[in-house]
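**Student:** coordinates for the following, if possible.
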Amino acid sequence: MATGAWVVPLNFRFTDDDVRYCANVAEPAAFIVEEDYKERIAAIRKGLPTVRSFISMAPCDGMEEMQTVIAKASPEPPNIKIDYTDESALYFTSGTTGAPKPVLHRQMMLVGSAVNEAVNEQWTHEGSLLMMAPLYHLAIGHLLGCMLAGARSVLLVDKVTPKLILDTVAGERVTTVFLLVPWAQDILEALDNGELKKEDYDLSSWQLYFLGAQPIPPSIVHRWKGHFPEMRVNVTYGLSEAGGPGIIHLGIGNERKIGAIGNLRSCGMPGSLTSRVLMWLRARWASSSYAARAS
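**Tutor:** Down below sits the predicted model:
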């Protein structure tokens, strides 16, 4: 991104057709693949005509190895002027209801996301974030606020389990953890049934957890308070087309309003929910210039 090039992360669950479609939209000059996917991409490389360089994280016939690329590169910053209005990252939606949809962001969009996260999560240089969202997803933007403040990031890339989360918080002295509802529920169940004991871990560094990506049941927060009464909580929602994470924040200290974001209100029938919110979000620095090409 410092060279003015786009970053185009792809969902590791994409089919070969999805990969070819995304490459047709993005027209990449280089394709970087993890070791687990090198043979798969090698098999479809003829269908990726714009790619001039295939780079693998591990040795692979017909691909340059990443360590070789790094060794040949200059340690000096590239002498390229970058403007806030320059396009910087092309993200694709998951494609669960059709073909993945491209969303092209400018430099300022990512800067704005970083500032928003730094303010809302109250980041300081001494903090550290445990992040478990996949790197292809715009939720990885939660890292930007942490990085802007000069704080430390810890990424979990193994299978996420309650024990692994608590081990990592204790071992890495993590101050803030991003949790999806299923992960929070798993931790609570493990603590409730005695599978994990809080006393077995030094969790004194853990000050804040934040949830998002779906409506948050208030019961999750209330149960969490039973185990961690002093820990702060925030709720955040994002939208790919509007810059990713943190478009809406509940705000630290507003636990009493859990459930208000998204405003899923009961219709008076058990299990029946309806949404009565019209949300208007303007993303000044987003670009929709790829809608025509993608269609």
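
**Student:** right, and Thr3 touches Lys81 too?
**Tutor:** No: using Cβ atoms under 8 Å, Thr3 makes no contact with Lys81, being 10.9 Å away. C-beta: built from backbone N, CA, C; applies to glycine.

**Student:** mind listing the strands the longest strand along the chain pairs with, and their directions?
**Tutor:** The longest strand of the chain (DSSP state E) is strand 232-239. Strand 232-239 pairs in its sheet with strand 208-212 (parallel), strand 244-249 (antiparallel), by DSSP bridges.

**Student:** need the least confident one among the ones you listed, by mean pLDDT.
**Tutor:** Among those, strand 244-249 has the lowest mean pLDDT, at a mean of 66.

**Student:** could you list the low-pLDDT ranges of the stretch 51-200 of the chain?
**Tutor:** 94-98, 133, 137-139 (pLDDT under 70).

**Student:** how near is Gln67 to Ala73?
**Tutor:** Remark: distance between Gln67 and Ala73 (Cβ to Cβ, to the nearest Å) = 11 Å.

**Student:** cool, Ala118 as well?
**Tutor:** According to Cβ to Cβ, Ala118 and Ala73 sit 29 Å apart.

**Student:** what ranges does the stretch 101-250 of the chain have for its helices?
**Tutor:** For the stretch 101-250 of the chain, the helices defined by DSSP state H, counting those that start in this stretch occupy 107-120, 142-148, 162-172, 181-192, 218-227.

**Student:** dump these into JSON lines; add mean neighbour count and distance to Ile41 as well.
**Tutor:** Output for those, formatted as JSON lines (neighbours: other Cβ atoms under 10 Å; distance: least, Cβ to Cβ, whole Å):
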{"stretch": "helix 107-120", "mean neighbour count": "20", "distance to Ile41": "26"}
{"stretch": "helix 142-148", "mean neighbour count": "21", "distance to Ile41": "26"}
{"stretch": "helix 162-172", "mean neighbour count": "17", "distance to Ile41": "29"}
{"stretch": "helix 181-192", "mean neighbour count": "17", "distance to Ile41": "30"}
{"stretch": "helix 218-227", "mean neighbour count": "15", "distance to Ile41": "39"}
